[in-house]
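Chemist: here is the input, now give the coordinates:
(2 chains)
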Amino acid sequence: MEQLINDLKVKIKEALNLEELAPQDFDADAPLFGEEGIGLDSIDVLELIVLLEREYGIRLSNPKEGKAIFKTVRTIAEYIKENEKK
Amino acid sequence: MVSIEITGLGVVCAIGCNAEEVRRSLLEGRSGIAPMHFLSSVHQEIPVGEVKLSNAEMKGMLGLDAKAEVGRTALLGAVAIRQAMAEAKPKMQGKRVALISGTTVGGMDITERHFEQMQSLRRGELSEEEREVLRLAMKHDCGSSTREMAALAGLADAEVCTVSTACSSALNAIMLGAEMLLRDEADIVIAGGSEALSKFHLNGFNALMILDKGLCRPFDKERAGLNLGEGAAFVVLQREDSLSNEQNPLAYIRGYGNRCDAYHQTASSENGEGACLAMRDALGMAGLKPSDIHYINAHGTGTLGNDASESAAIRRVFGDQIPPVSSTKGFTGHATSAAGAIETAICILALRHGFIPTNLGWKEQDEACITPTQGGQRQLTNVLCNSFGFGGNDSALVISAVPHGFPTEEKTFEPEVIDESSLISETGELDADALRTFVTAGEARRMSRLMKAATLTSGQALQEAGVTCPDAIVTATAYGMLETSEKFLSDMLEKGEAMLSPTQFMQSTHNTIGSSLAIRLKCHGYNITYSQGEDSLRWALRDARRLIVTGRARTVLVGLHDESTPTLQDIFCQLGKPMPPLLQSRSIVLGRKGEGKAPSDSFAKEENPGGEGRNI
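Modeler: You can find the predicted model right below:
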């Protein structure tokens, strides 16, 4: 799981051009969206959907599903684990 | 007093190849959205509103050799312009004629067909045939596409201008045409827009996940996105004093408004601020009350965001007197940059023939949305046509069955340049420290090189001029967001039509810079982007001047922002043309003479209480 989380952090940073983000701001349990989080928006959701499909072969057809899945890096990792097994 | 008369109309879209066919389809409730036929894409599951003419058929209609490589945007446009001119039959001799067209796709369909081959020809010796392939790259930009369209339509001698504000391009083109007539800059203006479907923007909208895989359902509770369409429409606009005795006007331009939502690159604000201001400006200029409008042709794309935001704006402007509203995109699909002209054509047909088009696809009420009309026969006097684009470039046009005189003598002001800042970078590198003054690391993450340069020069110019928020933003760009567009195109061709980046696509439109600056500056004023090759800045300055002279803006931010890519530079080199710089950005703050560096951000509030005045 921790391996997957670290792997995800690298990929998310690259996909969303977050290179300048400090490591402590990118905690696995920190909210990705909203004012308390790092402030991602609806377009980032779409980029994350592309990332899930490209890197992990998981397809989301409705961007609304993204909200719950993309809460934190950890929730994304959990979703990947769950859906990879199937 | 002078009135702006519409003397001719030409239209080709999914529901007909001329005005009469379009009228019949509207009355019979026949949609033109169907499986893909001409466009070549793997996404066969996505229905589209194609014009039911092949490129070869259109070349035949225009008397062209079937083998000639001409972009579909230019072909569609030329067919529509010829229809409009055949109806208007204006006396052209000795007249100042202008063609104003809205497009974003331009020659992209040619580029995407030949891009791989062009890449392989970037180096080495070339045969004459191979050189021909590279020359096709010169047809890519919007300005070249419009020039070719002008030549094909027999308007090679006309002044030519392209407006590119994404999905509101054509409506802004018509407004510019009317404005030129009002200011006596032309006698006859042919204005509208043309846009062909391209694999590029089909995939872009698909990446944004806003395409309905079924028929679109504007304003419906279950709406799930838009259907892309294509087409062209043009109107012939004339001042009454240039009309010959045999000419009978079809309708009249009565008012218009162009505002910026200044909210987000692709999303619309919840309260529909930009749309609301544009509609109020249009009504204000027309001298009409909300209850004088008999029909609204909504932008109504069928996306969750647009329809709710537009409904909020309509409710704010019309209160409890909302006239019948329909979106006709269930018929035509969303013809993006041409939509505003096609819908203007539909409004003119509705006025002429006394009917209201239905809103196809609507079944269930959404509380967040207005209730669209099911249409029917009705005599109409004034209709409102809405057209909104990415970045919040929102415009509205009032068309009337009765003439309306605009005053010709107004108080005028003299413009002057308050400050200017420019940079040219041969390497594409920017001064990182200077940039950091205006852009935070977080903001920079979605900015392309050109966007950063534009933010830097406009920030410097505004700061020096002592202006926090200009009254209007006018942008010029020949090639637009070339680096981002090329990246998206390369990905699409190399990796296939799946998993493309939505961020890249939404930043590929020419109005990305102008609208992003508006979002930064929270500038809800007039916002437009010109893309007419080397003439782009000239058109932008002309517009800015007009805004200052007529007193509609006290300060205008004008920018020329262009970039090149290694691919384009290689192509120029192979063709023996002088290479364009990798990056150039020039920002100019224009103001009223004698007012110096006075801050102007309170202007809109002072002279337009509640934003109801005319501040286009």
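Chemist: how near is the nearest residue in space to B:Ala84 that is not next to it in sequence to B:Arg586?
Modeler: With sequence-adjacent residues excluded and distances taken as Cβ to Cβ, 6 or more residues apart in numbering or on different chains, B:Ala84 is closest to B:Gly10, at 3.5 Å. Every C-beta, even on glycine, is put in place using the N, C-alpha and C of the backbone. As for B:Gly10, its distance to B:Arg586 is 37 Å (criterion: Cβ to Cβ, to the nearest Å).
Chemist: these two - which one has more neighbours?
Modeler: Neighbour count, other Cβ atoms under 10 Å in any protein chain shown: between B:Gly10 and B:Arg586, B:Gly10 has more, with 28 against 21.
Chemist: does the more buried one count as helix, strand or coil?
Modeler: Put simply, B:Gly10 is strand when judged by DSSP: H, G, I helix; E, B strand; the rest coil.
Chemist: does it touch B:Phe234 like I think?
Modeler: Yes - the pair B:Gly10 / B:Phe234 is scored as a contact, 5.1 Å apart, by Cβ atoms under 8 Å.
Chemist: find the residues that touch each one of those two.
Modeler: B:Ala80, B:Ile81, B:Gln83, B:Ala84, B:Gly192 (Cβ atoms under 8 Å, 6 or more residues apart in numbering or on different chains).
Chemist: looks like the second one contacts B:Gly10 (just checking).
Modeler: Yes - B:Ile81 is within contact range of B:Gly10, at 6.0 Å (criterion: Cβ under 8 Å).
Chemist: run a quick neighbour tally on B:Lys289.
Modeler: When neighbours are counted by other Cβ under 10 Å, B:Lys289 registers 10.
Chemist: for B:Ser564, what are its contacts?
Modeler: Residues near B:Ser564 by Cβ under 8 Å, 6+ apart: B:Tyr479, B:Leu482, B:Phe572, B:Met579, B:Pro580, B:Pro581, B:Leu582, B:Leu583.
Chemist: identify the farthest-apart pair in those residues.
Modeler: By the measure Cβ to Cβ, B:Phe572 and B:Leu583 form the most distant pair in those, at 15.1 Å.
Chemist: in a helix, that's where B:Leu397 is, yeah?
Modeler: No - under three-state DSSP, B:Leu397 sits outside any helix and is assigned strand.
Chemist: contact residues of chain B facing chain A?
Modeler: Within chain B, the residues that sit near chain A (Cβ under 8 Å from any Cβ of the partner chain) are B:207-209, B:264-267, B:441-442, B:444-446, B:498-503, B:506.
Chemist: counting only helices, which of these make the cut?
Modeler: Of the residues of chain B next to chain A, the ones assigned to helices by DSSP state H are B:Ala207, B:Ala441, B:Gly442, B:Ala444, B:Pro502, B:Thr503, B:Met506.
Chemist: how about the helix or strand encompassing B:Thr567: buried residues?
Modeler: Element membership for B:Thr567 (DSSP states H and E) is helix B:566-574. Buried residues in helix B:566-574, defined by neighbour count with 16 or more other Cβ atoms under 10 Å in any protein chain shown: B:Thr567, B:Leu568, B:Gln569, B:Asp570, B:Ile571, B:Phe572, B:Gln574.
Chemist: list the contacts for the spatially closest residue to B:Ala368 that is not a sequence neighbour?
Modeler: Of all residues not flanking B:Ala368 in the chain, B:Ala308 sits nearest, at 4.2 Å (Cβ to Cβ, 6+ apart). B:Ala308 makes contact with B:Ser268, B:Glu270, B:Asp366, B:Ala368, B:Cys369 under the criterion Cβ under 8 Å, 6+ apart.
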